[in-house]
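>>> predicted model and sequence follow; I will ask about them next.
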There are 2 protein chains.
Amino acid sequence: MSKRAYNFCAGPAALPEAVLQRAQAELLDWHGKGLSVMEMSHRSDDYMAIAAKAEQDLRDLLGIPSDYKVLFLQGGASQQFAEIPLNLLPEDGVADYIDTGIWSQKSIEEASRYGRINVAASAKPYDYFAIPGQNDWQLSQDAAYLHYTPNETIGGLEFDWIPDVGEVPLVADMSSDILSRPIDVSKFGLIYAGAQKNIGPSGLVVTIVREDLLGRARSACPTMLNYKVAADNGSMYNTPATFSWYLSGLVFEWLKEQGGVAAMEQRNRAKKELLYGAIDSSGLYSNPIALNARSWMNVPFRLADERLDKPFLAGAEARSLLNLKGHRSVGGMRASIYNAVGLDAVEALVAYMAEFEKEHG
Amino acid sequence: MSKRAYNFCAGPAALPEAVLQRAQAELLDWHGKGLSVMEMSHRSDDYMAIAAKAEQDLRDLLGIPSDYKVLFLQGGASQQFAEIPLNLLPEDGVADYIDTGIWSQKSIEEASRYGRINVAASAKPYDYFAIPGQNDWQLSQDAAYLHYTPNETIGGLEFDWIPDVGEVPLVADMSSDILSRPIDVSKFGLIYAGAQKNIGPSGLVVTIVREDLLGRARSACPTMLNYKVAADNGSMYNTPATFSWYLSGLVFEWLKEQGGVAAMEQRNRAKKELLYGAIDSSGLYSNPIALNARSWMNVPFRLADERLDKPFLAGAEARSLLNLKGHRSVGGMRASIYNAVGLDAVEALVAYMAEFEKEHG
């Protein structure tokens, strides 16, 4: 087998090697039962135990209060963009949204198809390099909820604070920062996260929702998109994405073994400080984001001369530093350094960046 | 490693052992690239090639005409139950549905939330043991489509003919019989199938749709449920279920190596004849379905005395014959004998049934 590469992909993203090894060992024969997890009935005792353990481990990791349901759904965050208004926004109501980049814009666009959306604040005046403070937000009087994107995967812009909107349910797309450090779940009405960054394989989205928000779905909401139906059926109204759920459970176990999200915070802090430090101290690389809004998980950076982009990427690939090309809407480079990307990967990247600068700077 | 069991689960169901072995070998390092398929960007050249090959192989296997799109979606057949009317039924239109059992009833229930549904025929007068002939169907004048369930996974009732409804688009839930024998795709407007029976892991649903049916979605249809959006974006409007798609591709490759669906038909015919033969010639086992409507894939059967159910199941499990318990709504036993369940598995089952009858009959 060739060496495992350093994978900086924004998603689907690197998974812990120990998790893949365990999945590999169990792939044809789970715990001596003579079949793969993929081949198990989702209603079998064995699979129900796998599913329940995954949920409990996630609850332990994030300290999810008992009055929140944890749903293992399909369709990714993009389907949640519709599910949230279909479940939480009355037809004559209004919802507040904060625009901090491409993903929040997509959520706004989809929600606008279902009712009145008030964009209470936008990072546009700052070219999406900084987040407007809450004093400048134009909140509605009676918003059904406030939606924001704590971390913008493409722009690399991250809140280092939680909005305070009183009794209004706070709804957050944590696709790219969930489990990267501790959060206080009780401050949120609903949290959702596509799995393929910090949780597991794509094809799964985890939604954590406070129970009092269930049961408000519109009559036209498809049954499969109704949170209450999912909650009442333990996310098994129909066959869930069983293998992705199982693999996410292995990731949760691995996270607990690593010391949980507090340990991840330490490790992720060291990783991002090393990388931003290398960028800031160089004459070749730059990152435009305000210091207090820099993402811990997605680090976009540019080279001073974009003609160097191609040789930079080619040299990186030759050193097994993969998927560093930035999103086409932003250009330049992006290193996604999720939980499964170790400090060694960032060290290898930073060493290469210095070497490249010496040659081309 | 313990021996692989014989798995008669209705879904998620058995997968070909050769497919699981290949997935296992590639799990940490796909083709020497140093990363798992699960860790690849869905937009990378490598993954795009995996996805395109899977689609092409499915097209080859089923002879899908070029004016049909093949979509790799999420949410299972149950989400299709809403997507079909949201995409194909005008708000003031009517759709015809055929009721042949639990799955068609679920599709009728969900579609009824979106418009006028005419149940053109029902197997109820036959206790769901036979399918009413088309002469007895009460079709609408101007149906937007006719929906039916060619194979009822729970009841074990299967059409051995294709309805002829002229210009009305024929919509079929082939979750449990797709790829089990050749079909003429050109007779259908839309075919859909949850993957977890004859295609691959759960969390994927394949929809094959004639192009002229795209672009009719209602304004309220969530973007992620809009077939045209999926078609225009090669099923990558957002991140698809990449690993399930890949694994389904391995199953398609395996099917081609086996000789395609014509070879599957021969093998499946031999399997079902062996099993129904054993049931019909016994004094202990029975299957109530009309001879011309017996499912090739899902074979429910009862023991003459239901007090024997428990010892039958215990003895089966001791012989690694797993998941033979019938659906709770039907009782008794059910052997699902999809493509990945070999003739050897059916032979082992039949041998056990004879042995059990000798002891308890």
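Yep, it's here.
>>> could you give the mean pLDDT of the helix ranked longest in chain A?
Assignment by DSSP state H gives helix A:260-280 as the longest helix of chain A. Helix A:260-280 carries an average pLDDT of 98.
>>> kindly export that helix (C-alpha atoms) in PDB.
As requested, the backbone C-alpha atoms of helix A:260-280 are provided in PDB (Å, rounded to 0.1, in the frame of the first residue of the first chain):
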ATOM      1  CA  GLY A 260     -13.200  15.000  23.100                       C
ATOM      2  CA  VAL A 261     -13.900  18.400  21.700                       C
ATOM      3  CA  ALA A 262     -11.800  20.100  24.400                       C
ATOM      4  CA  ALA A 263      -8.700  18.200  23.200                       C
ATOM      5  CA  MET A 264      -9.700  19.000  19.600                       C
ATOM      6  CA  GLU A 265      -9.900  22.700  20.400                       C
ATOM      7  CA  GLN A 266      -6.300  22.600  21.700                       C
ATOM      8  CA  ARG A 267      -5.100  20.700  18.700                       C
ATOM      9  CA  ASN A 268      -7.100  22.800  16.200                       C
ATOM     10  CA  ARG A 269      -5.800  26.000  17.800                       C
ATOM     11  CA  ALA A 270      -2.200  24.800  17.400                       C
ATOM     12  CA  LYS A 271      -2.800  23.900  13.800                       C
ATOM     13  CA  LYS A 272      -4.400  27.100  12.800                       C
ATOM     14  CA  GLU A 273      -1.900  29.200  14.700                       C
ATOM     15  CA  LEU A 274       0.900  27.400  12.900                       C
ATOM     16  CA  LEU A 275      -0.700  27.900   9.500                       C
ATOM     17  CA  TYR A 276      -1.900  31.600   9.900                       C
ATOM     18  CA  GLY A 277       1.500  32.300  11.400                       C
ATOM     19  CA  ALA A 278       3.300  31.000   8.400                       C
ATOM     20  CA  ILE A 279       1.100  33.000   6.100                       C
ATOM     21  CA  ASP A 280       1.400  36.200   8.000                       C
END
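>>> run through who's touching that helix.
Contact with helix A:260-280 is made by A:60-62, A:179-182, A:255, A:258, A:285-287, A:294-297, A:299, A:301, A:335, A:337, A:339, A:341, A:343, A:346-347, A:349-350, A:353-354, as judged by CB atoms under 8 Å, 6 or more residues apart in numbering or on different chains. All C-beta spots, glycine's among them, are computed from the backbone N, C-alpha and C.
>>> so where's the stretch 1-150 of chain A shaky on pLDDT?
A:1-2 (pLDDT under 70).
>>> between the two ends of stretch A:332-339, what distance do you get?
23 Å (CA to CA, to the nearest Å).
>>> mind listing the strands for chain A?
Along chain A, counting by DSSP state E, strands occupy A:6-7, A:68-73, A:94-99, A:116-122, A:146-148, A:151-152, A:157-158, A:170-173, A:190-194, A:205-210, A:285-286, A:298-303, A:321-322, A:333-336.
>>> if I pick the nearest residue to A:K3 once chain neighbours are set aside, what's in contact with it?
Leaving aside its sequence neighbours, A:K3 sits nearest to B:G34 (CB to CB, 6 or more residues apart in numbering or on different chains; 6.1 Å). B:G34 sits next to A:2-5, A:7, A:320, A:322 when contact means CB under 8 Å, 6+ apart.
>>> contacting residues around the closest residue to A:F8 other than its chain neighbours?
Counting by CB to CB, 6+ apart, A:F8 lies nearest to A:A335, which is 4.5 Å off, once chain neighbours are set aside. Applying CB under 8 Å, 6+ apart to A:A335 gives the contacts A:8, A:275, A:298-299, A:301, A:324, A:346, A:349.
>>> any chance of those in CSV with distance to B:A82 and neighbour count as columns?
Listed next are the contacts of A:A335 as CSV, based on distance: CB to CB, whole Å; neighbours: other CB atoms under 10 Å in any protein chain shown:
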residue, distance to B:A82, neighbour count
A:F8, 38, 25
A:L275, 44, 23
A:N298, 34, 28
A:V299, 40, 24
A:F301, 43, 24
A:L324, 40, 23
A:V346, 44, 22
A:L349, 45, 25
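>>> pick the most deeply packed of the strands of chain A.
Highest mean neighbour count of the strands of chain A: strand A:151-152, a mean of 27 (counted as mean count of other CB atoms under 10 Å in any protein chain shown).
>>> which helices and strands does that strand pack with?
Counting contacts by 3 or more CB pairs under 8 Å, 6 or more residues apart in numbering or on different chains; DSSP states H and E, strand A:151-152 is packed against helix A:102-111, strand A:157-158.
>>> give me whichever of the ones you listed is most buried.
Compared across those, strand A:157-158 shows the largest average neighbour count, a mean of 26 (mean count of other CB under 10 Å).
>>> what's the mean pLDDT across it?
Average pLDDT, strand A:157-158: 98.
>>> quick one on the thing from earlier: wait, which of the contacts of A:A335 is closest to chain B?
Distance to chain B across the contacts of A:A335 (CB to the nearest CB) is lowest for A:F8, with 10.4 Å.
>>> what sits against the closest one?
A:F8 sits next to A:14, A:321-324, A:334-337, A:341, A:345, A:349 when contact means CB under 8 Å, 6+ apart.
>>> can you select the buried ones among the contacts of helix A:260-280 for me in ChimeraX?
Buried subset of the contacts of helix A:260-280, written as a ChimeraX selection, criterion 16 or more other CB atoms under 10 Å in any protein chain shown:
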select /A:61,62,179,180,181,255,285,287,294,295,296,297,299,301,335,337,339,341,346,349,350,353,354
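>>> can you tell if stretch A:12-20 touches chain B?
Yes: using CB under 8 Å from any CB of the partner chain, stretch A:12-20 reaches chain B at A:12-15, A:17, A:20.
>>> report the two of those separated the most.
Across those, no pair lies farther apart than A:P12 and A:E17, at 15.4 Å, counting by CB to CB.
>>> quick one: which of the two has more around it?
A:P12 (29 against 14; other CB atoms under 10 Å in any protein chain shown).
>>> can you report how many residues neighbour the residue nearest to the more buried one when sequence neighbours are not counted?
Spatially, and ignoring its direct neighbours in sequence, A:P12 is nearest to A:Q196 (4.2 Å; CB to CB, 6+ apart). For A:Q196, the neighbour count with other CB under 10 Å is 32.
>>> ditto for A:A123
Neighbours of A:A123 using other CB under 10 Å come to 21.
>>> tell me the contacts of it?
Taking CB under 8 Å, 6+ apart, one finds A:99-101, A:129-132, A:157 in contact with A:A123.
>>> surely A:A220 touches B:C221?
No: using CB atoms under 8 Å, A:A220 makes no contact with B:C221, being 10.0 Å away.
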